[in-house]
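*Asks:* Got a predicted structure plus its sequence, pasted below:
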Amino acid sequence: MTAIGIYGSAGRMGRVIATIAPDEGASIAGGVDAREDPVPLAHHADVLVDFSTPTALEAHLAAAVAAGTPLVIGTTGLSPTHHALIDRAAETVAVLQTGNTSLGVTLLGILVEQAAQRLGPEWDIEIVEMHHRHKVDAPSGTALLLGEAAARGRGTTLNEERVDGRAGLVGARTEGTIGFSSLRGGTVIGDHQVVFAGEGERIELGHRGEDRSIFARGAVKAALWLAGKPAGRYSMAEVLGL
């Protein structure tokens, strides 16, 4: 049975992963949290899952590389520097980084990319997301994942077209941009809506997370798939064969 080590084991996702892993055919090698040494767990586990914080990621990547242990990264709020570190680690070990581990969101990303590819730039793209009051990063990792999918469909990059949270006299919308709006409140697990707004009509593609276990099950599925894979950077779409 594949043994999963959890970085961020005391967090919401870490706790759910530990609970459902046996049902998915995996065991738990252990877990660590902030200010704990990540290295012993990396040597003890067959594969690692990281749902901790961006500040801890560099140490977790270093531990995974040193131990030669594959790593699934579900931590959000990552910067370009973090992604560069992930790319470097993926030269040595298998790494899967994603803004969302659910099947539904992974499929939604593919639909968004296809819609963006087929609709012209005169269709404005806006992404609206809502999460619980305790979420600290915005836009959410899932919203950015969907924005990146839309940008790929348009043959551009999200960095070139991204517009965050408009306020005040910002002027008319620039054609081709991808807008983001973030809402926080209550206990919302995760709602995401991608709006394609054209002249006189609108297309809306969305996903609502109703139970945190959907993300945990996806993370375990990804970990089981990644275990034993050669070095490289992988995606959830590959895990699910999409």
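*Replies:* Great, that's in hand. Computed from a prediction, not measured in an experiment: that's the story for all the values here. Residues are numbered from 1 along each chain as shown.
*Asks:* Mean confidence (pLDDT) on the helix ranked longest in the chain, please.
*Replies:* Assignment by DSSP state H gives helix 103-118 as the longest helix of the chain. For helix 103-118, mean pLDDT rounds to 96.
*Asks:* in its sheet, what does the helix or strand that that helix is followed by sit against?
*Replies:* For helix 103-118, the following helix or strand on the C-terminal side (DSSP states H and E) is strand 124-131. Using DSSP bridges, the strands paired with strand 124-131 are strand 178-184 (parallel), strand 190-198 (antiparallel).
*Asks:* Redo those as TSV? Include mean neighbour count and mean pLDDT.
*Replies:* In this view, the C-beta of every residue, glycine as well, is placed from N, C-alpha and C. TSV is the format used below for the strands paired with strand 124-131 (neighbours: other C-beta atoms under 10 Å; pLDDT from 0 to 100):
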stretch	mean neighbour count	mean pLDDT
strand 178-184	18	97
strand 190-198	19	97
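*Asks:* Just send the ones you listed back as CSV, with distance to residue 162 too.
*Replies:* Listed next are the strands paired with strand 124-131 as CSV, based on distance: least, C-beta to C-beta, whole Å:
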stretch, distance to residue 162
strand 178-184, 6
strand 190-198, 14
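*Asks:* These: which one's closest to residue 101?
*Replies:* Proximity to residue 101 (C-beta to C-beta) singles out strand 190-198 among those, at 11.3 Å.
*Asks:* CA atoms only for the closest one, dumped as PDB, please.
*Replies:* Taking Å, rounded to 0.1, in the frame of the first residue of the first chain, the C-alpha atoms of strand 190-198 are listed here in PDB:
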ATOM      1  CA  GLY A 190     -15.300  27.100  -3.100                       C
ATOM      2  CA  ASP A 191     -17.500  28.500  -5.900                       C
ATOM      3  CA  HIS A 192     -16.100  29.500  -9.300                       C
ATOM      4  CA  GLN A 193     -17.800  31.000 -12.200                       C
ATOM      5  CA  VAL A 194     -16.300  31.800 -15.600                       C
ATOM      6  CA  VAL A 195     -18.300  34.300 -17.600                       C
ATOM      7  CA  PHE A 196     -18.000  34.800 -21.400                       C
ATOM      8  CA  ALA A 197     -19.900  38.000 -22.100                       C
ATOM      9  CA  GLY A 198     -20.700  38.800 -25.700                       C
END
